[in-house]
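Student: this is the structure alone, sequence omitted:
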């Protein structure tokens, strides 16, 4: 595996900035430190990026961004936030779209690393893998040996990996508890993945039911494609399914529940309460307007970029785990 500036800094016991100064012949480094860094570079066979060095840097000022699906509104919004903020720091971006297959994620990660990026941002909790499946994130830990990795909306523990994510467990617990306080007893859980974020939402839902003394009913937990008409028709096909409230892990799933209610002539929120997630444009494009959990994606992205800048400047005090509080944006589909 090729040695990079981060490896040289670690082996030399100095900051990345100090290594960069040595590479560029700065007089602000003592002879003792300069000699130590050069010796490590020679031992490891480290060769600085010649073009970047000509600019006075050991960096191309380029960040790799990997997402599973840029057509997803939540992910597209995150990528837009990231690019805007990174450009303010004069970083360029290379975007890759991996899909959700593990092998494709690994392939696209290697592709971005081959571009000599300064850092890699992974946008989506899908990259955090499934619970109790550590093999799902081994490629991330390998990538972090070459360049800092920043994960948005998920958590992976590891050296040189920095994560910002919202407290999905608490948000879902609070919504479910809100339903229960309003006398709801049959709370439908709609989910479209087994991602890190989805698993935390499921855990919050189940914890709230247990704490209220309610049974966890398997028939009220649905995993389905996030396609509005598909979900509506699926609910309509379950003629014996009874529920008085819906928690959906994505706004699109919640809108499908509203369409189901309209077909069935069920009044919202009087007979059926519905809550979505992500506070996307869908939440204000439907009728009635949807109560939704705002996962504060802009704040997550802001934190990621600020941490990138700090890490690349040699700051060793950057938190590897930043939790952003969610906000329940109450509209017309709930009465709590």
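Tutor: Arrived safely, thanks for sending. Computed from a predicted model, the values in this text were never measured in an experiment.
Student: CA only for contacts and neighbour counts going forward, please
Tutor: OK.
Student: number of residues surrounding residue 216?
Tutor: Using other Cα atoms under 10 Å as the criterion, residue 216 is surrounded by 16 other residues.
Student: again, but for residue 114
Tutor: Residue 114 has 9 neighbours, counted by other Cα under 10 Å.
Student: before we move on, what about residue 230?
Tutor: Using other Cα under 10 Å as the criterion, residue 230 is surrounded by 14 other residues.
Student: likewise for residue 227?
Tutor: 13.
Student: and residue 249, its phi and psi?
Tutor: Dihedral angles of residue 249 (phi, psi; degrees, to the nearest 10) stand at phi -80, psi -10.
Student: was I right to think it contacts residue 198?
Tutor: Yes - when contacts are counted by Cα atoms under 8 Å, residue 249 is listed as touching residue 198 (6.8 Å).
Student: which parts of the protein are helices?
Tutor: Taking DSSP state H as the criterion, the chain carries its helices at 5-12, 16-23, 31-44, 50-54, 73-88, 102-113, 138-143, 168-181, 196-211, 228-237, 251-264, 282-285, 297-312.
Student: just to revisit the earlier point, so residue 249 and residue 198 - more neighbours on which side?
Tutor: Relative neighbour count places residue 249 above the other of residue 249 and residue 198, with 26 against 21, counting by other Cα under 10 Å.
Student: any idea how far that one lies from residue 333?
Tutor: Using Cα to Cα, to the nearest Å, we find residue 249 at a distance of 15 Å from residue 333.
Student: next one: residue 92
Tutor: For residue 92, the distance to residue 333 (Cα to Cα) stands at 42 Å.
Student: of these two, give the one with the bigger neighbour count.
Tutor: When residue 92 is set against residue 333 and neighbours are counted by other Cα under 10 Å, the residue ahead is residue 333, at 25 against 16.
Student: buried residues in stretch 77-89?
Tutor: Burial within stretch 77-89, assessed by neighbour count using 16 or more other Cα atoms under 10 Å, is assigned to 77-79, 81-83, 85-86.
Student: in the chain, what helix or strand scores lowest on average pLDDT?
Tutor: Least confident element among the helices and strands of the chain, by mean pLDDT, DSSP states H and E: helix 50-54 (a mean of 42).
Student: burial measure for residue 225, as a count.
Tutor: Residues contacting residue 225 under the criterion other Cα under 10 Å number 14.
Student: residue 202 now?
Tutor: 21.
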